[in-house]
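Enquirer: 3D, please:
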Amino acid sequence: MPTTYPQLRPSVAGSPDAVAQHLEPFRQAGMEYAVCGFASEGVEDLLRQLRVFAEEVAPRFIDAGAASQP
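Expert: Numbers count the residues shown, from 1 in each chain. As a prediction, this is how the structure comes out:
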């Protein structure tokens, strides 16, 4: 049976929960890395977005990835 992969959307925005929910099927399909881009109107907002991603989204995938390692 062929492997099916999640539908790729060109971008995702929203709450940390929404972003994590969008990325989770890709992790389950074998994704190990994601390239993320952030749009901002200024440095302060960019830093806030990066901080939120680092503190509230990325940690959800650290343990998940480690659990699948041999």
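
Enquirer: Now the helix or strand where L23 lies: average pLDDT?
Expert: Using DSSP states H and E, L23 sits within helix 16-28. Per-residue confidence for helix 16-28 averages out to 92 on the pLDDT scale.

Enquirer: how far away is L23 from G42?
Expert: 26 Å (CB to CB, to the nearest Å). Heads up, the C-betas are built off the backbone N, CA and C, glycines and all.

Enquirer: Can you get me a residue count around E44?
Expert: E44 is flanked by 9 other residues according to other CB atoms under 10 Å.

Enquirer: Need the three-state assignment for it.
Expert: Assigned by DSSP: H, G, I helix; E, B strand; the rest coil, the conformation of E44 is helix.

Enquirer: ok, it to E56 distance?
Expert: For E44, the distance to E56 equals 18 Å [CB to CB].

Enquirer: cool, and A18?
Expert: In this view, A18 and E56 are 11 Å apart by CB to CB.

Enquirer: repeat for G30
Expert: When distance is defined by CB to CB, G30 is 24 Å away from E56.

Enquirer: So these two - more neighbours on which side?
Expert: Under the neighbour definition other CB under 10 Å, G30 and E56 were set side by side, and E56 has more, 14 against 9.

Enquirer: Pull the contacting residues for the closest residue to the more buried one other than its chain neighbours.
Expert: Nearest-residue entry for E56: P16, 3.8 Å, with adjacent residues in sequence omitted and distances by CB to CB, 6 or more residues apart in numbering. When contacts are counted by CB atoms under 8 Å, 6 or more residues apart in numbering, P16 touches V52, F53, E56, V57.

Enquirer: Distance-wise, check the third one relative to D45.
Expert: Just to be clear, that refers to E56. Counting by CB to CB - E56 and D45 are separated by 16 Å.

Enquirer: With that, I have no additional questions.
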